[in-house]
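**Student:** here is my input, please return the structure:
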Amino acid sequence: MKILIVISCLVAVSVGQFKDPPPFLKLCNIQDPKRDICIKNSLQEFLIDLPKNPNYFDFIQFEPFTYEPYTFKYDYGDFLKGYFKLFDGKGYGLKNTKVLKLKSDFTDKDMKILALVHMPKLFATANLDTKFELGSLKYENTIPFNATFRDVTTRWTIKGKIEERDGEQFMKIVLFDVLPEAKELVFGTSDVFPNEQLNDLFIGFINQNWKIFYNVMIGETRKQWEPVFRNVTNKFFEQIPFRKLVLSNDSF
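**Tutor:** Sure, this is the predicted structure:
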């Protein structure tokens with residue numbers, strides 16, 4: 001059997017009224033020992049071709065990519081505690097994604113795909129509603145900010161299962177976990193404090209201790225990203241019966 005590995009299951013893409021896969025998606029043979037290389041290359045080509053074929057897909061805009069509002073709470077005892085809420089968030093740089101590694105597993109009833117992707121730089125902007133206590137300092141404000149993430153490596157874990165609906169079989173994604181790791185984060189804003197020196201001191205503190213805040217953010221954003229990526233990907237698979245993604249060897 002040969003299967004059309006639908007590369008769009010690995011990215012945040014949804015189709016409109018298409019009942020057949022578009023012709024620029026590459027075929028991969030699941031019995032081929034080099035199957036994973038084929039899927040990896042297909043995904044990379046898909047990321048390149050996607051902006052060139054806007055009429056084939058009705059997909060969530062990913063350049064910039066918009067983020068839903070979310071709130072982070074933190075408590076480090078007497079040292080630092082409080083919360084911040086991000087809203088009106090936008091991210092840039094996903095178009096430069098490079099697929100580094102990919103491993104897949106397929107059966108008649110389910111699939112699992114593990115992928116490692118890299119983005120050299122991500123730039124994010126948002127508004128920040130924050131309240132915190134840093135030692136004896138108490139602060140509450142709403143400010144614009146930006147953050148630059150460099151050398152970002154992200155692990156994708158995608159799991160899907162076959163389900164029957166209306167006499168047909170469809171692939172349903174049940175998990176799309178995203179775990180990013182950045183080598184550097186630079187936070188920027190000029191509106192935290194009216195005093196420029198105090199503002200620079202605060203920004204310097206954040207940038208020197210960025211890993212603390214990054215780990216808090218990632219734990220929460222993973223909860224936000226998983227259902228978004230999973231639901232959007234399922235919008236593709238619910239359009240196409242799985243039998244249309246499986247071709248016999250006699251067809252080639």
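
**Student:** surely L25 is in contact with F46?
**Tutor:** Yes - if you go by CB atoms under 8 Å, L25 and F46 touch, sitting 6.8 Å apart. Backbone N, C-alpha and C define where each C-beta goes, glycine included.

**Student:** go through the strand or helix carrying K131 and flag the buried ones.
**Tutor:** Applying DSSP states H and E as the criterion places K131 in strand 110-134. Neighbour counts using 16 or more other CB atoms under 10 Å place 111, 113-115, 117, 119, 122, 124-126, 128-130 of strand 110-134 among the buried residues.

**Student:** between L25 and F46, which one's more packed in?
**Tutor:** Applying other CB atoms under 10 Å to L25 and F46 shows that F46 carries more neighbours, namely 22 against 18.

**Student:** ok so that one is a helix residue?
**Tutor:** Yes - counting by DSSP: H, G, I helix; E, B strand; the rest coil, F46 is located in a helix.

**Student:** what pLDDT does it get?
**Tutor:** With respect to pLDDT, F46 scores 77.

**Student:** L134 reaches L80, doesn't it?
**Tutor:** Yes - counting by CB under 8 Å, L134 touches L80, with 5.3 Å between them.

**Student:** how about the strands in the stretch 101-250 of the chain?
**Tutor:** 110-134, 137-165, 168-188, 246-247 (DSSP state E, counting those that start in this stretch).

**Student:** just give the closest residue to N199, not the sequence neighbours.
**Tutor:** Nearest non-adjacent residue to N199, counting by CB to CB, 6 or more residues apart in numbering: F193, 4.5 Å away.

**Student:** including mean pLDDT and distance to K40, could the strands of the stretch 101-250 of the chain go into TSV?
**Tutor:** Below are those laid out as TSV (pLDDT from 0 to 100; distance: least, CB to CB, whole Å):
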stretch	mean pLDDT	distance to K40
strand 110-134	90	8
strand 137-165	90	12
strand 168-188	91	18
strand 246-247	48	21
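
**Student:** how about a markdown table for the ones you listed, with distance to N41 added?
**Tutor:** Shown next, in a markdown table, are the strands of the stretch 101-250 of the chain (distance: least, CB to CB, whole Å):
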| stretch | distance to N41 |
| --- | --- |
| strand 110-134 | 12 |
| strand 137-165 | 16 |
| strand 168-188 | 21 |
| strand 246-247 | 19 |
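
**Student:** for Q224, which of these is the nearest?
**Tutor:** Closest to Q224 of the strands of the stretch 101-250 of the chain, according to CB to CB: strand 168-188, at 9.8 Å.

**Student:** buried set for that closest one?
**Tutor:** Within strand 168-188, the residues that qualify as buried by neighbour count (16+ other CB under 10 Å) are 169-173, 176, 178, 180, 182, 185, 187.

**Student:** what's the most distant pair in these?
**Tutor:** The widest separation within the buried residues of strand 168-188 (CB to CB) is 47.7 Å, between Q169 and F187.
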